[in-house]
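J.: Could you work out the structure for the sequence below:
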Amino acid sequence: MTYGDKTAVDGLSLSVAEGSITAVLGPNGAGKTTTLETCEGYRRPQQGTVRVLGLDPIADRKQLLPRIGVMLQGQGAWSGVRAMEMLKHIARLHAHPLDVDYLAERLGLGECGRTPYRRLSGGQQQRLGLAMALVGRPELVFVDEPTAGMDPQGRRTTWELLRELRTDGVTVVLTTHYLEEAEELADQVHIIDRGRMIASGSPLELTRGGATATVRLVVTKPFPPGARESLRQALGEDTEVTLLDERSMRVTGKADPTTLAKVSRWCEENEVLPESLTLGRRSLEDVFLDLTGELHLTDGVEHV
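T.: This next block holds a predicted model:
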C-alpha cells in the first residue's frame, strides 16, 4: 500500500492463528492501521493477497462482515446518540447478538448508558467501542488501541474480557501502544516498522536472550542531577540506562555477573540509597526499543 511517494505497507506477510490473541505492534506510521484496515475490507491492497476467515475482505464482504467485529479508532458512534441507544442499535443489526444489558454491565457502561456519546470520557468511549465490536458474537475481532484512555481498573476488566473471548474460541487481533498489554495478553506478537515485518514470535520467544540483562534500580529519594549519564559512564558504553521516573532507572546491558555490583558501587559513591535492586529478563518494551530505535512514551514515562 502506497500513499503518493510513501510506502505504508511494503511486502508485509503475516498470519494469525485461530483462537489466539495476536498483537500487531510498531511505532507511529509503521503501517499497523493500514494493515488492519486492509484486513477489515476498508482498503483494497494495491498488490498481494489478503484472506480473512478464508474470504477476500473486498470481494466477499457480505459473507465476511457478519463474522467479524471491528473496534475502530474513531469508534463509529454518532455524536449525540446515547451510549446504550447506540449499543442496542448495533445489536439489532445482528441475527444473534449478545445480551446488551449483560455486555454493558460487564464493561461498566451502565452508569453512562443515557449519556450522549460526545460527553463520554475517553475511557467510556473506548468501552462502548469494544462493546459494539463484540455484541454480534464475532468469530474474529479487530481491536485498535482497546484500552487507550482507560483507568487501570477499566484496563484490567478489558484484559479479562479479551482472555475470555480467546477461551471461547474467538480470534483477537489487536494493536496497542501499551507494550505491557501486548506482553500480558498476546499469544503471538508481530512487530512491524516502515511497513515491513521486523520480528515475530511469542512474547517469551521475543524477550528471551541470555546475552542481555535488565536491572531495575528504585531509590528512596529523587536521583541527583545527571544521575542517568553518570551511571551509564560507570557501566560502560555497551549499557543503556533509562530514567523511568524521578526515583527509578532501568539498566540494560550484557548479562555480566558484575552488573549488579557496579550499580551498587555507583549508589555508594553517589550517596544514593537503593530501595530495591532487581535483575530480570528483558521486557517486550526493551525488545521494541532495540528493534525500532523509537522513543516510546507510555503512561507519561520517557525512555531514552
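
J.: residue ranges of the helices in the stretch 201-304 of the chain, please?
T.: With helices called from DSSP state H, counting those that start in this stretch, the stretch 201-304 of the chain shows them at 203-207, 227-235, 259-269, 284-292.

J.: Can you list the buried residues in the third one?
T.: For helix 259-269, the buried set under the neighbour-count rule, 16 or more other CB atoms under 10 Å, comprises T259, L260, K262, V263, W266, C267. Every residue, glycine included, has its C-beta placed from N, CA and C.

J.: Disregarding flanking residues, what is the spatial nearest neighbour of S13?
T.: M197 (6.7 Å; CB to CB, 6 or more residues apart in numbering).

J.: How about the contacts made by S200?
T.: Residues near S200 by CB atoms under 8 Å, 6 or more residues apart in numbering: L14, Q188, V189, H190, I191.

J.: what helix or strand is it on?
T.: strand 196-201 (DSSP states H and E).

J.: How far away from the center of its chain is that strand?
T.: 15 Å (CA atoms, centre = their mean, to the nearest Å).

J.: Could you do stretch 198-209 as well?
T.: Centroid separation for stretch 198-209 versus its chain: 15 Å, with CA atoms, centre = their mean.

J.: and what of stretch 197-215?
T.: The chain centre lies 17 Å from the centre of stretch 197-215; the measure is CA atoms, centre = their mean.

J.: hang on, isn't C112 packed against L87?
T.: No: applying CB atoms under 8 Å, one finds C112 not in contact with L87, separated by 11.1 Å.

J.: A227: neighbour count?
T.: Using other CB atoms under 10 Å, A227 is surrounded by 19 other residues.

J.: Let me fix that, I meant to ask about T239.
T.: Neighbours of T239 under the rule other CB under 10 Å: 20.

J.: Renumber starting at 96 from here on
T.: That works, and once the first residue is 96, the last one we named lands at T334.
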